[in-house]
Each structure stands twice: as C-alpha cells, then as structure tokens.
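*Asks:* Just the structure for this:
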Amino acid sequence: MKTKTPYALCLIALCLFFTFHSFSQGVAINVSGADANASALLEIGGATGPSGDTQGLLIPRVALTATNSALPITTPATSLLVYNTAIAGAEPYNVTPGYYYWNASAWVKLATALGPTGATGVTGIAGATGLLGAGSATGNTTYWDGS
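*Replies:* Presented below is the predicted three-dimensional model:
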C-alpha cells in the first residue's frame with residue numbers, strides 16, 4: 001500500500017498540471033500548427049506563404065422564414081450568426097439574403113451598404129437627388145454647421 005501512494009500522488013499532480021495548461025490558452029486552427037494569439041479565444045488561419053492567408057471563414061447558410069421566427073433553427077443561442085439565403089416573410093418581419101444574428105427574440109440583420117451614397121450618390125447630402133453644388137456657377141463654397 002505504501003508503494004502505491006507516491007505513484008498515485010504523482011499521477012494526480014501530473015493531471016492537475018495538464019488541466020491548468022489546457023485552460024490557459026485559446027484554440028488555433030491552422031496548417032502551420034502555431035499557437036493562437038494570447039488575446040484570442042479562437043484563431044483561424046488558412047494556408048500561409050508569400051501571399052499570406054488565402055482562405056476565409058464560411059458562415060452557416062440557412063433559409064430564414066421571418067425575423068420574428070427562429071425557424072428553421074429550433075433553439076438558437078443568443079448571438080448566433082448565420083447567412084440567410086431566402087427572401088421570405090411579410091413587412092416588417094421580412095428577410096432578405098445577408099448576415100443575421102439572433103438577439104434572444106428575433107433575427108437582426110447586420111448593416112449592409114445601400115448602394116451609392118455621399119455627395120453625388122442616391123441618398124447624398126442634398127437629399128433624393130444627391131447633388132451637392134450642382135449647377136453652372138463656379139467658385140461656390142459649401143458650409144456645414146453640423147446640424
């Protein structure tokens with residue numbers, strides 16, 4: 001009995017050492033086998049070389065039915081990210097293709113560009129026409145008071 005005790009203690013100490021070590025780092029998924037960045041819980045890297053990373057992250061694709069319905073996912077976790085492939089639902093709960101996340105009660109679409117914007121875009125500074133300083137006059141100076 002006395003000879004088994006030191007071995008058991010060594011085994012327990014060894015297990016504790018590896019447990020602490022395994023919880024003290026993030027996870028890296030890459031082809032080089034490099035460790036994850038210390039500030040990252042998960043770091044994903046593609047093939048490396050002269051051109052750097054050449055692969056991206058593919059988010060799961062689903063066909064959502066409406067923003068106020070979790071379907072087709074039965075119990076989505078808060079902050080779950082998906083890419084919706086469907087055009088479905090009725091206003092104001094309709095969905096269109098794009099990235100959505102679940103906020104515990106509804107799907108929320110991530111911001112997307114509306115198209116041309118800015119001084120001469122569709123929704124430019126001057127409203128629907130989007131023209132700023134349009135006309136034949138030269139030397140015009142446009143001022144903005146911040147409102």
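*Asks:* Break this structure down into its structural domains.
*Replies:* 4-44, 57-126 (automatic domain parsing).
*Asks:* can you tell me which of the ones you listed the model trusts least?
*Replies:* Averaged per stretch, pLDDT over the domains of the chain is lowest on domain 4-44, reaching a mean of 72.
*Asks:* Number of residues surrounding residue 100?
*Replies:* Residue 100 is flanked by 23 other residues according to other Cβ atoms under 10 Å. (Each C-beta comes from the backbone N, C-alpha and C, glycine too.)
*Asks:* how near is it to residue 43?
*Replies:* 24 Å (Cβ to Cβ, to the nearest Å).
*Asks:* Now do the helices in this structure.
*Replies:* Listed in chain order, the helices of the chain (DSSP state H) span 4-22.
*Asks:* what is the closest residue to residue 34 other than its chain neighbours paired to in the beta sheet?
*Replies:* Once flanking residues are discounted, residue 34 sits nearest to residue 28: 6.1 Å by Cβ to Cβ, 6 or more residues apart in numbering. Using DSSP bridges, the bridge partners assigned to residue 28 are residue 43.
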